[in-house]
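Student: Kindly return the folded structure for what I paste below:
(one chain, ligands or ions: 1)
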Amino acid sequence: MLQTSSHDVIVIGGGPAGSTSATWLARHGYNVLLLEREKFPREHVGESLLPFCYSLLDDLGVIDELKKNFVRKPGVRFIDRDGNISTTWCFDHVIKNETYLSFQVIRGEFDHILLRNAAKNGADVREETSVTNADITSSSDQVTVTSLDSAGKESVHTARFLIDASGREAFIGAKSGWRKAREELDRTAIWSHWGDVKLSGGLEEGLSIIIYMGLEQKGWIWVFPLGENRITAGFVAQNSYIRDQQRKLKGSGSKDWKQDLCMQELLHSKYVQGLLEGSKMLIPTQINGNYSYEVKNHYGSNYAMVGDARGFVDPIFSSGVFLSIKSASLVSTAIHKQLTGEVNGKNEAMETAYQQITGAYNFVHRMIKLFYNPHSVTWAQAGADGEAHKNHESAMAAGHYMLSGDFFENYKKFEGFFEILEDPEQFRRYKKLVIDRDEFVQPTCSSRWDEVFKDMVQRDQERTAGTRDLVVL
Ligand SMILES: Cc1cc2nc3c(=O)[nH]c(=O)nc-3n(C[C@H](O)[C@H](O)[C@H](O)COP(=O)(O)OP(=O)(O)OC[C@H]3O[C@@H](n4cnc5c(N)ncnc54)[C@H](O)[C@@H]3O)c2cc1C
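Tutor: Below is the predicted model of the structure:
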């Protein structure tokens, strides 16, 4: 027999966006049902978090658990394609409290912490339950959702509001024909995790490393530390390049073209080559295609899209989780207003939320276009500090704030910095007056080992001790 249930809010997907929305709305006392297709922990890409996540995660109540479990991230280092020029952006240049120290997370574990937190706060979380249909058209203040669980049981749920947080599946957008690829950013990512790595080049301080690749690939490599000797590393390249290489590798007898291509591209970088020597791959090679897309009609009277379900832009600046949890928080506040009856007709809180959200996504998109424009400056060159010129000094600060995540409330503030980076003449002057200071080309934010790794290592020791006790018993 078909099961039926009725709720205030239904959330599709238990990634960071879904868990954040469910936590906030459950805390407000709503009956929230969260449906997640997978059994957590499940593997996911997107491990490096921006410092502006910190306060949001603190408000969600998970910050102490995160501190115990993950590497801390004080900044990011961009390296040019020849490996000759690099710039290290340290968040403590502009953030003067503890939130400057962000996180490099293992997403399977991170997402699980957030999902459990949603349940702890009162949401009804059901894993291994796929949403198969969602009707947002039959009534303006009710939705009907159909789900299928792992035992094959189909259920129908109704709610006053639906949140689509289904990630890159973009459930409502895809089903309604509202999802459109961003052709200019057609890319694919191939990646894995490695253990037994001797961290160097800034990784040993928790820094993210981003390396420009050749123009042929139109892409980049990431390397982030996930533990004292564990890294995530991968590359992003244009789809046409990936297809060509796939053909070549298969033609020359490759049995696992994804893994072979991943190694081929990573080993182009001498730095990564050094890191991977003697290491071991920890998870099978992963691939993420159909890269960047935009979805129309982000919200209506009875639904809203948050996180990747609302749109996805290239992750070069590690902005995805922040965009997702910040959007989810803003939208949850607007939904609360609507459900308490503070809104009569037009929901202005929702309009304001989506103005900020769209402003932030467009801002990140502009940063990304600049990154891929071969005629403009590279981030490997753009980070130098300077006292010589006031405007350029504030431009330098703007760069740090942008990389930290200050682009929701303040996305309009950084126009000037974009203009400097985009205009070759202005940039030449900026470079002459400001760039090339020693501290910016060093691979360091002067972070101490205990700031970056201590809590996590202590947790591992406690776990090992716990296991030993069990064995003795
Ligand atoms: C190559 C690459 C590198 C990246 N690197 C970074 C990075 O370094 N830092 C960063 O912040 N971001 C990064 N991102 C982006 C980041 O991964 C995403 O922005 C983030 O995971 C979005 O969170 P979400 O909650 O919207 O979606 P997700 O985390 O994808 O969660 C969506 C959930 O919905 C579930 N779901 C889907 N369909 C259904 C359904 N029909 N029924 C029930 N459940 C469903 C899925 O199982 C999933 O658990 C990267 C992305 C890519 C592709």
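Student: Pull up the residues of the stretch 301-450 of the chain that are close to the ligand.
Tutor: Taking CB under 6 Å from any ligand atom as the contact definition, the stretch 301-450 of the chain meets the ligand at 307-309, 315, 318-322, 324. C-beta coordinates here come from the backbone N, C-alpha and C atoms, glycine included.
Student: so how far is V223 from G201?
Tutor: In this view, G201 and V223 are 8 Å apart by CB to CB, to the nearest Å.
Student: anything in contact with each of these two?
Tutor: 209, 275 (CB atoms under 8 Å, 6 or more residues apart in numbering).
Student: Would you mind telling me which of the two has the busier surroundings?
Tutor: Each of G201 and V223 has its neighbours counted (other CB atoms under 10 Å); V223 has more, 27 against 20.
Student: Quick check: mean pLDDT of whatever helix or strand the more buried one lives in?
Tutor: Element membership for V223 (DSSP states H and E) is strand 220-225. The predicted model assigns strand 220-225 a mean pLDDT of 96.
Student: Over to stretch 315-325?
Tutor: 94.
Student: Just give me how far that stretch sits from the chain centre.
Tutor: Centroid displacement of stretch 315-325 relative to its chain, using CA atoms, centre = their mean, to the nearest Å, is 3 Å.
Student: What sits closest to W24 if chain neighbours are left out?
Tutor: If the residues on either side of it in the chain are set aside, W24 comes closest to S332, at 3.9 Å by CB to CB, 6 or more residues apart in numbering.
Student: Am I right that that neighbour sits in a helix?
Tutor: Yes - looking at S332 with DSSP: H, G, I helix; E, B strand; the rest coil, it is inside a helix.
Student: burial measure for it, as a count.
Tutor: Neighbours of S332 under the rule other CB under 10 Å: 26.
Student: Next, count neighbours for K153.
Tutor: 12.
Student: Now for it: which residues touch it?
Tutor: By CB under 8 Å, 6+ apart, the contact list for K153 reads Q3.
Student: State the pLDDT value of it.
Tutor: You'll see K153 listed with a pLDDT of 95.
Student: Could you do G466 as well?
Tutor: G466 is given a pLDDT of 59.
Student: and if you look at the one 5 residues further on?
Tutor: What the model reports for V471 is a pLDDT of 40.
Student: do the same with M396
Tutor: 65.
Student: Over to the one 4 residues further on?
Tutor: Reading off the per-residue confidence, H400 sits at a pLDDT of 78.
Student: I'd like the average pLDDT over the following helix or strand past the strand holding V223.
Tutor: Next helix or strand after strand 220-225 toward the C-terminus (DSSP H and E): strand 231-238. Here strand 231-238 scores 95 as its mean pLDDT.
Student: Quick one: residues in contact with strand 231-238.
Tutor: 45, 47, 186-194, 197, 199, 203, 213, 217-226, 262, 265-266, 272, 275-276, 286, 291, 314-316.
Student: Would you write a PyMOL line that selects the buried entries of those?
Tutor: To isolate the buried ones among the contacts of strand 231-238 in PyMOL, judged by 16 or more other CB atoms under 10 Å, type:
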select buried, resi 45+47+186+187+188+189+190+191+192+193+194+197+199+203+213+217+218+219+220+221+222+223+224+225+226+262+265+266+272+275+276+286+291+314+315+316
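Student: what about the closest residue to K270 other than its chain neighbours, which SS state?
Tutor: Once flanking residues are discounted, K270 sits nearest to G83: 6.2 Å by CB to CB, 6+ apart. Here G83 is recorded as coil under three-state DSSP.
Student: quick one: contacts for G83?
Tutor: Applying CB under 8 Å, 6+ apart, the residues near G83 are 211, 269-271.
Student: Of the residues you listed, which is the nearest to T129?
Tutor: Distance ranking of those against T129, using CB to CB, places I211 first at 40.1 Å.
Student: Confirm that the closest one sits in a strand.
Tutor: Yes - according to three-state DSSP, I211 belongs to a strand.
Student: residues in the stretch 1-150 of the chain within reach of the ligand, list them.
Tutor: Listed as neighbours of the ligand in the stretch 1-150 of the chain under the rule CB under 6 Å from any ligand atom: 12-18, 35-38, 44-49, 130-131.
Student: Find the residue ranges of the protein scoring beneath the pLDDT cut-off.
Tutor: Within the chain, the segments meeting pLDDT under 70 span 1, 373-397, 427, 429-441, 463-473.
Student: what's the longest helix in it?
Tutor: With secondary structure taken from DSSP state H, the chain has its longest helix at helix 348-372.
Student: buried set for that helix?
Tutor: Buried, per 16+ other CB under 10 Å, within helix 348-372: 349-350, 353-354, 356-361, 363-368, 370-372.
Student: still on that earlier bit, in a markdown table: the contacts of G83, plus neighbour count.
Tutor: Below are these laid out as a markdown table (neighbours: other CB atoms under 10 Å):
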| residue | neighbour count |
| --- | --- |
| I211 | 25 |
| S269 | 22 |
| K270 | 10 |
| Y271 | 19 |
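Student: Nearest to the ligand among the residues you listed?
Tutor: I211 (14.1 Å; CB to the nearest ligand atom).
Student: who does the residue nearest to that closest one when sequence neighbours are not counted bridge with?
Tutor: Distance criterion CB to CB, 6+ apart; nearest residue to I211, sequence neighbours excluded, is I221 at 4.3 Å. Note on I221: beta-bridge partners I211, F235, judged by DSSP bridges.
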